Structure formats: C-alpha cells, structure tokens
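Novice: Sharing a model that was predicted from the sequence below.
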Amino acid sequence: MGLDQLAYSRPATATNDETDEHLVSWRKHPNLQGWMERLWRKQKCGDSDSFVKNGRTIYKECYANDSLMSNPFNQEEVELTLDDIKRLRLDIRNKTLNGGYGDTTGFFFGDSSDEYYRETDIEFCDKAEAALSKGCKVIYYSWW
C-alpha cells in the first residue's frame, strides 16, 4: 500500500473517462499530494478565510460546514487550469511545493521526494500545458 498519483488529460467534451490520456504517474510524492490537496480544497471552498492545522491549510468555510473536512483527500479528481500549472511549475522551480507549511505527511505517503521527481514534475507541467492548449482538461487523481 502507499500513495499512488497520476495525471491525465480528457477532452473537454468527454462525458466519461474512456478517452483519458495518461500524462504522468508518481509513487509516494507527498508534497505534490499536499499541493494538490490545497488546490482541491480551495476549489471546493473558495477564498474563504483559512488557517493552518497540522501542516495543512484549512478553509474556515469548509471547516464550519464540515462537508469536506470530514473527508480525506483520497480518490478525488482535481482539474487544473493553465494558471494552476504555471503556479505549480513556479513552486517546483522555487522548491516550495510544500507551500511553506512543512512537508506533507501521511501513513502511506513516504518521505519527501521533491528532488527525485523534479524532472517528472516539469515534464508533467509541459504535457499539461500542451493538453490545455488543445482544449483538453488536465486532471490529477490519487489514492492511498
């Protein structure tokens, strides 16, 4: 068992995953997982006030509603925009995937692997930008 992650593109008009195209896979890249979780929670909760708890950004609106906070970030699709990809690329280059909150941890996540996956992460950004330029969606998915 462990943290498995992948990214794929999907035609914008697709109604299911039959036409998904694999972009990149990772195995136990916890800070990328934390980065994607922060993005996912921000997408679900908006820009409401937030606070940091155990190295994770908690959005007060979601916390108050208890709709997302009771659910771990597991087996969720995160759709990335061009701005998200640009931000991710910048965080990879600046070595700030952890968002300044410390390394993302979890029982199945393993140790930080930012350096190990740096080239793969940049490759993902390149492939994601190409897919977006063709009108496709770019999606991150993980399970543990």
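Specialist: Good, I have the coordinates.
Novice: Helix or strand next in line after the helix or strand bottoming out on mean pLDDT in the chain, which one?
Specialist: Sorting the helices and strands of the chain by mean pLDDT, DSSP states H and E puts helix 60-65 at the bottom, at a mean of 49. Per DSSP states H and E, helix 60-65 leads on to strand 77-80 as the next helix or strand towards the C-terminus.
Novice: Buried ones in that following strand, by neighbour count?
Specialist: Judged by neighbour count using 16 or more other CB atoms under 10 Å, the buried positions of strand 77-80 are 78, 80. Where you see a C-beta, it was placed from the backbone N, CA and C, and this is true even at glycine.
Novice: who does it touch, helix- and strand-wise?
Specialist: helix 30-45, strand 136-143 (3 or more CB pairs under 8 Å, 6 or more residues apart in numbering; DSSP states H and E).
Novice: would you list these in TSV and tack on mean neighbour count?
Specialist: Listed next are the helices and strands packed on strand 77-80 as TSV, based on neighbours: other CB atoms under 10 Å:
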stretch	mean neighbour count
helix 30-45	21
strand 136-143	20
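Novice: Enumerate every residue touching Asp103.
Specialist: With contacts defined as CB atoms under 8 Å, 6 or more residues apart in numbering, Asp103 is in contact with 30-31, 34, 55, 111-112.
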